[in-house]
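> Predicted model and sequence follow; I will ask about them next.
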Amino acid sequence: MNNGNTITRVRTVPVRWRLVRPFVTALGQKSYSDNVLARVRLASGVEGWGEASSSLANPGQTGPKMAAALRRLGRRFLGRDARDLQKIVAEVWKIESETPAAVGAFECAVTDALCRQEGIPFFKFFGGARREIKTLMSVSAVSPDRVDERVRDGRRRGFDGFKLKLNGREPLDLNLARVLAARRAAPKARLLLDPNQSYRPETLSELLFSLGRDGLRVDSVEEPFPKGDWKTLARYRECMGAGPRLKSYRGDGRRPGSGKGSLPPLILDESIQNPADARLVARRGLADGVNVKLAKSGLARSREIVGAFKPSALFMIGCMAESKIGLAAAAQFAMGLGCFDYADLDSDLLLKPLNIPGGYIRRGPWLTLPKKPVPGLGVSL
């Protein structure tokens, strides 16, 4: 017999979101994002939302493939009780692990529907630690002049933290000029470097020593080497020395004292897809932190990934090219846990404006929830 928590319908909605301008990284560039919305309805009539985003980091995860995976999941889980969320999520990963963004979207949609059914705000489902989070602004691997322009624009909008895309296959001087342009445009800003797997240890070392020589301090470096290359990471860490990390930015806006070290801390993104990866990295000391993304790990696995590291590690919550629907899930998940030092949640600013109410309120770099948050994510389309 059906109860109010029974999944009665799963709708899959392919969409193509246009970007304000081309987004450029070492992995390529894109002017639009083929995403898929997941809409889960329970017998009570409440509906939950999720969003699967395509990504330059996973070119095989196309819009049609994600849509097909979500349709299969919809057929399989009709009639299931959403309160069996843990079992459902475990099954979903077993059958659709090749399309993690679709898995994450389905998990978000079921969780959102369950929260709405139970009258629980999404962020409180994950602990309710805080109701706001401060995000960085991403800057493409474009010319130094354009880096300067975009960082200055970000400063005018209130941003004081920037994540710079670099390309290690391009000349050293070009990447140095990008960092210098950002630093000149925002002398006191927090700067994070994201080469998207494009460096080798020797070229990264040259970049970092050149930055140090020029007095250009950065807060961290993210995923510089090819993903999953544990030997290269171990060799780099051994030769360079992990050293005390520099922790100078928190997602809640607080700025604790910085340590003293010659090298910025190392954060991994694509290399850590699941809790097993996280445990390996943490056990061997291969990185100082992790960039958690629902599009690659979903909700439950992302929480496990965080738990695999010591509390003193650096935690970032990131995104792909989600609209407000997918971004609301990442933001409220991070607010709920309250442990994230960095937030890279600006994809809604990269896309051309969409009329999607609810989820959160954006004021420049700050994402906040209303004083009286509604059940679930609170987004609608």
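Received it, and whenever you're ready, just let me know what you need.
> contacts and neighbour counts: CA atoms only from here.
Fine.
> how about low-confidence regions in this structure?
Residue ranges of the chain with pLDDT under 70: 1-2, 240-262.
> For it, give the helix that spans the most residues.
Secondary structure of the chain per DSSP state H: the longest helix is helix 100-118.
> for the stretch 51-200 of the chain, what spans make up the strands?
Using DSSP state E, counting those that start in this stretch, the strands found in the stretch 51-200 of the chain span residues 132-134, 137-139, 161-165, 190-194.
> Which elements pack onto the longest helix of the chain?
strand 28-42, strand 47-52, helix 63-76, helix 85-96, helix 122-125, helix 294-308 (3 or more C-alpha pairs under 8 Å, 6 or more residues apart in numbering; DSSP states H and E).
> For that helix, buried residues please.
Applying a neighbour-count criterion of 16 or more other C-alpha atoms under 10 Å, one finds 100-117 buried in helix 100-118.
> Check stretch 87-96 too.
Buried, per 16+ other C-alpha under 10 Å, within stretch 87-96: Ile88, Val89, Val92, Trp93, Glu96.
> And stretch 31-49, by the same measure?
Neighbour-count burial for stretch 31-49, with 16+ other C-alpha under 10 Å as criterion, is recorded at 32-43, 46-49.
> Quickly check these for the two that are furthest apart.
Largest separation among the buried residues of stretch 31-49 by C-alpha to C-alpha: Tyr32 and Ala43, giving 35.3 Å.
> Now find how far off-centre the longest strand along the chain is within its chain.
Ranked by residue count, the top strand of the chain under DSSP state E comes out as strand 7-25. Its chain's C-alpha centre lies 16 Å from the corresponding centre of strand 7-25 when counted by C-alpha atoms, centre = their mean, to the nearest Å.
> could you say what helices and strands that strand packs with?
strand 28-42, helix 63-76, helix 347-350.
> how about the longest one as PDB, C-alpha atoms only?
When you say that, I think you mean strand 28-42. Taking Å, rounded to 0.1, in the frame of the first residue of the first chain, the C-alpha atoms of strand 28-42 are listed here in PDB:
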ATOM      1  CA  GLY A  28      39.000  23.100 -22.700                       C
ATOM      2  CA  GLN A  29      36.300  25.700 -22.900                       C
ATOM      3  CA  LYS A  30      32.500  25.800 -23.000                       C
ATOM      4  CA  SER A  31      29.800  28.300 -23.900                       C
ATOM      5  CA  TYR A  32      26.900  26.300 -22.700                       C
ATOM      6  CA  SER A  33      26.200  23.400 -20.300                       C
ATOM      7  CA  ASP A  34      23.900  20.500 -21.200                       C
ATOM      8  CA  ASN A  35      22.300  19.600 -17.800                       C
ATOM      9  CA  VAL A  36      19.500  17.400 -16.700                       C
ATOM     10  CA  LEU A  37      16.900  18.200 -14.000                       C
ATOM     11  CA  ALA A  38      15.500  15.400 -11.900                       C
ATOM     12  CA  ARG A  39      12.000  15.900 -10.400                       C
ATOM     13  CA  VAL A  40      10.800  13.300  -7.900                       C
ATOM     14  CA  ARG A  41       7.200  13.200  -6.800                       C
ATOM     15  CA  LEU A  42       5.900  11.400  -3.700                       C
END
